[in-house]
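sequence below, structure please.
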Amino acid sequence: MAEGQSPLGEVAGITTTMGTTLANLTSEECFGSQELGVNVGGLIAIIIFYVAVLLVGIWASWRTRKEEQNTEQVMLAGRDIGLFVGVLTMGATWVGGGFINGSAQETYNAGLIWTQAPFGYGLSLLISGTFYARKMREAEYVTMVDPFTQKYGKWGALQALPAAVSEIFWSASILGALGSTLQVILNLDEKVSIIMSAVIALGYTLLGGLISVAYTDVIQIFFIVIGLFLALPFAMTHEAVANIYEEKLSDGVTPAWYGEVAPHEWGLWIDYAFLLLFGGIPWQCYYQRVLSSKTPVRAQMLSYGGAAIALIMTGPSVLFGAVAKATDWSLTDYPCPAPSGATSKVVLPLSLQYLTPPVVAFFGLGAVSAAVMSSTDSSMLSASTMIARNFYQKVIRPKCSEKEVIYALWVCICINCVIATSLAIEYKSIYELFVLCGDFMFVIVFPQLTLVLYWEMANTYGSVSSFFIGLFLRLLCGDKALGIPATISFGTMYGEEGSCPTDEDPLNACTGIVPFRLIVTIIGTLIHLSVSSGAYYAFSKEWLSLDYDFFKCFKRDQNGDLVLTASRHMETENYPLDDLKIPRPKVEYINNGGEEKGAYKNSGYN
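Numbers count the residues shown, from 1 in each chain. As a prediction, the model looks like this:
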């Protein structure tokens, strides 16, 4: 193979006629084009790595074939995940397709300073491990929504809805990243790539539950680490890549790929910073691993280990974006213009394919593809677990058997897979989906989870009020990714005078948003605190009779004091002292014919 040619085989053999055809293609038409043909070398790489992941999932399922298939076994792997496997599966869950491809995409488009997601989500694991993991594991919950349903009853299941939606968005971002990668490697239509990957992930998730997911995550993280760190030096030293620190911003000092935040954009930047830092805390896929740990201390160790892996893997992810930005693509064998707009989401697989040697590209592209595929199973399982346990079992069928819950889980996994696949096909920006995942979690679920764990007075009145008002305000603020127009505003941030001049007003200043997500989160938290406190004092001072306690939150104890009807702790069996029966031995004395010495006969217990 001549120097500078495409490393993955068949694309390298493009003829002059083919080159003329491709020259007329737009950047959007360069992928999945029938003119390019199927890349046989890439197809072999994908098959090898897909088969490896699939076999690991099947093997993990086979190992637990003799275990009782109850909800705890399927959802939490019997709470028997080891420390080594647990740390790797925690890291692999965070470092998925959205993390890697999305971080490279955002660094390429906007610069490092705007690539907040990997740093925010990584640091959120440190916060979660310190303040949340131990409490959740000590309470022996099965899902993240369990403390809500324990304390708030059926109304607590409301929290499962935004949590499940966010998990599905997460799955969609992963599938979207995978579809883009396979599109580059195989020249297949992106829709075919996404659907094929989703079906494979669905298969072994249904087969083995969390244990299959955990072990496929282990092989996934090894693939990602080796593939990216092996390929990065080759990409950075390619002849078509300039020094990433050579180009500077207007100040003449800061490297251009670092990016910058204009004065009117700080509101948006701060909003995303808080969203990613705290919106990364209330995730079921995270707590599924925490709750599968053997001990609370080990649950914390999983969190810290996962955070370390996520932060370490941020390095190559953003550097590939910087490399792609510094690349003169006309000097490579890439037959299209430099990626721009929607096609910038493929800068990582493009860099692997066109800037690294054949063997490195073969392993790197195949490894990343298999790796991001095995992350979508985590999100599908997590979302389905909450719906099956906290909605179906708690609300619809409270007296159903564990077998029925498992059947409901399988149905939910299939439905969620279809939804996530559809979203991955529809939305073009991986990073937007990646960030959107944490939006509802930050605005709605994060303050609710914090209060239910740390504030004993939290009750259903405050929770329900906060949920609906927070959701309503968030939707009124609008969302471009979901096509929802903004109908309210909390204010505007202005840039420097003349930063956005127009013909009518040369001194016109640019405008930006205030951190509205943070504001809505604060409002929701204050509503929860005030309504919960108000309800307690209204019934405590007997301003309202307990007959009007619609949610049945309160009751009077033996001393006549007002107390909460339920707590967040899991139900335990309590026996009244009056009903306790102390077993006593059935003993009778046997006299041996009038002799002084006799014997005692023990006939069991009363």
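
partner residues bridging the closest residue to residue 475 other than its chain neighbours?
In space, and not counting its chain neighbours, residue 475 is closest to residue 484: 6.3 Å by C-beta to C-beta, 6 or more residues apart in numbering. Backbone N, C-alpha and C define where each C-beta goes, glycine included. On the basis of DSSP bridges, residue 484 is bridged to residue 479.

from residue 518, how far out is residue 484?
Per C-beta to C-beta, to the nearest Å, residue 484 is found 19 Å from residue 518.

between the two, which has more neighbouring residues?
Neighbours were tallied for residue 484 and for residue 518 using other C-beta atoms under 10 Å; the higher tally belongs to residue 518 (20 against 13).

you'd agree that one is up against residue 274?
Yes: taking C-beta atoms under 8 Å as the definition, residue 518 is a contact partner of residue 274 at 4.9 Å.

now residue 461: closest residue in space that isn't a chain neighbour?
Nearest residue to residue 461 in three dimensions, chain neighbours excluded: residue 535, at 4.1 Å (C-beta to C-beta, 6+ apart).

in which helix or strand does the one you found reside?
helix 516-540 (DSSP states H and E).

and residue 194, by the same measure?
If you go by DSSP H and E, residue 194 is part of helix 190-208.

quick one: name whatever helix or strand follows that helix.
helix 210-236.

ok, back up a step: off-centre distance for the helix holding residue 194?
Relative to the chain's own centre, helix 190-208 is displaced by 18 Å; criterion: C-alpha atoms, centre = their mean, to the nearest Å.

from residue 366, how far out is residue 469?
According to C-beta to C-beta, residue 469 and residue 366 sit 48 Å apart.

which one of those two is surrounded by more residues?
Neighbour count, other C-beta under 10 Å: between residue 469 and residue 366, residue 366 has more, with 27 against 16.

surely the more buried one touches residue 48?
Yes: checked against C-beta under 8 Å, the pair residue 366 and residue 48 is within contact range at 6.3 Å.

before we move on, back to that, how about the helix holding residue 194 as PDB, C-alpha atoms only?
C-alpha atoms of helix 190-208 as PDB (Å, rounded to 0.1, in the frame of the first residue of the first chain):
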ATOM      1  CA  GLU A 190     -26.000   5.000   8.600                       C
ATOM      2  CA  LYS A 191     -29.500   3.700   9.300                       C
ATOM      3  CA  VAL A 192     -28.400   0.100   8.500                       C
ATOM      4  CA  SER A 193     -25.400   0.500  10.800                       C
ATOM      5  CA  ILE A 194     -27.500   1.800  13.800                       C
ATOM      6  CA  ILE A 195     -30.200  -0.900  13.400                       C
ATOM      7  CA  MET A 196     -27.700  -3.700  13.100                       C
ATOM      8  CA  SER A 197     -25.700  -2.600  16.200                       C
ATOM      9  CA  ALA A 198     -28.900  -2.100  18.300                       C
ATOM     10  CA  VAL A 199     -30.100  -5.600  17.400                       C
ATOM     11  CA  ILE A 200     -26.800  -7.200  18.500                       C
ATOM     12  CA  ALA A 201     -26.700  -5.300  21.800                       C
ATOM     13  CA  LEU A 202     -30.400  -6.100  22.400                       C
ATOM     14  CA  GLY A 203     -29.700  -9.800  22.000                       C
ATOM     15  CA  TYR A 204     -27.100 -10.300  24.700                       C
ATOM     16  CA  THR A 205     -28.800  -7.900  27.000                       C
ATOM     17  CA  LEU A 206     -32.000 -10.000  26.900                       C
ATOM     18  CA  LEU A 207     -29.900 -13.100  27.300                       C
ATOM     19  CA  GLY A 208     -27.900 -12.300  30.400                       C
END
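
what residues are up against the residue lying closest to residue 118 once chain neighbours are set aside?
Leaving aside its chain neighbours, residue 118 sits nearest to residue 314 (4.1 Å; criterion: C-beta to C-beta, 6+ apart). With contacts defined as C-beta atoms under 8 Å, 6 or more residues apart in numbering, residue 314 is in contact with 103, 118, 119, 122.

check contacts around the last one.
Read it as residue 122. 94, 307, 310, 311, 314.

mind putting these into TSV with pLDDT, distance to residue 41 and secondary structure?
As requested, the contacts of residue 122 are exported to TSV (pLDDT from 0 to 100; distance: C-beta to C-beta, whole Å; DSSP: H, G, I helix; E, B strand; the rest coil):
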residue	pLDDT	distance to residue 41	secondary structure
94	85	31	helix
307	95	37	helix
310	93	31	helix
311	94	34	helix
314	94	30	helix
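
just the closest of those to residue 410, please.
Using C-beta to C-beta, residue 94 comes nearest to residue 410 of the contacts of residue 122, at 25.7 Å.

for the closest residue to that closest one other than its chain neighbours, grab the count of nearby residues.
With C-beta to C-beta, 6+ apart as the criterion, residue 94 has its nearest non-adjacent residue at 4.4 Å, and that residue is residue 310. Here the count is done by other C-beta under 10 Å, and residue 310 has 25 residues near it.

and for residue 137?
23.

that one contacts residue 290, correct?
Yes: counting by C-beta under 8 Å, residue 137 touches residue 290, with 5.8 Å between them.

overlap in contacts, the two.
residue 299.

contact partners for the residue nearest to residue 94?
Per C-beta under 8 Å, 6+ apart, neighbours of residue 310: 91, 94, 95, 99, 118, 121, 122, 125.

how far away is it from residue 378?
From residue 310 over to residue 378 the distance is 14 Å, taken as C-beta to C-beta.

which residue is the nearest non-sequential neighbour of residue 320?
Spatial nearest neighbour of residue 320, chain neighbours left out: residue 104 (4.5 Å); criterion: C-beta to C-beta, 6+ apart.

at which residues are the helices of the stretch 251-400 of the chain located?
266-279, 284-291, 296-325, 347-355, 358-386 (DSSP state H, counting those that start in this stretch).

farthest pair within the contacts of residue 314?
103 and 122 (10.7 Å).

low-scoring stretches of the stretch 101-250 of the chain, by residue?
Across the stretch 101-250 of the chain, residues meeting the criterion (pLDDT under 70) sit at 177, 181, 184-185, 208.

what strand or helix carries residue 563?
According to DSSP H and E, residue 563 maps onto strand 562-564.

what comes up buried for that strand?
562, 564 (16 or more other C-beta atoms under 10 Å).

which element is the residue nearest to residue 289 when sequence neighbours are not counted on?
Nearest non-adjacent residue to residue 289, counting by C-beta to C-beta, 6+ apart: residue 90, 5.1 Å away. In the assignment (DSSP H and E), residue 90 maps to helix 83-94.

got the angle for that helix vs helix 284-291?
When axes from the mean of the first three to the mean of the last three C-alpha atoms, to 10 degrees is applied, the directions of helix 83-94 and helix 284-291 differ by 170 degrees.

packing partners of helix 83-94?
Applying 3 or more C-beta pairs under 8 Å, 6 or more residues apart in numbering; DSSP states H and E, one finds that helix 83-94 contacts helix 117-131, helix 210-236, helix 284-291, helix 296-325, helix 358-386.

can you put those helices in TSV and add distance to residue 394?
As requested, these are exported to TSV (distance: least, C-beta to C-beta, whole Å):
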stretch	distance to residue 394
helix 117-131	24
helix 210-236	20
helix 284-291	15
helix 296-325	24
helix 358-386	10
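
nearest to residue 245, of the ones you listed?
helix 296-325 (8.9 Å).

count the residues that sit near residue 415.
15.

do residue 85 as well
If you count neighbours by other C-beta under 10 Å, residue 85 ends up with 20.

look up how far residue 126 lies from it.
Applying C-beta to C-beta to residue 85 and residue 126 gives a distance of 21 Å.

so what does residue 81 have for phi and psi?
Note on residue 81: backbone dihedrals following degrees, to the nearest 10 are phi -70, psi 130.

please disregard the earlier target; I meant residue 248.
Here is the backbone geometry of residue 248 (degrees, to the nearest 10): phi -120, psi 160.

how many residues are close by it?
Burial of residue 248 is recorded as 12 neighbouring residues (other C-beta under 10 Å).

so who does it touch?
Residue 248 neighbours (C-beta under 8 Å, 6+ apart): 254, 255, 256.
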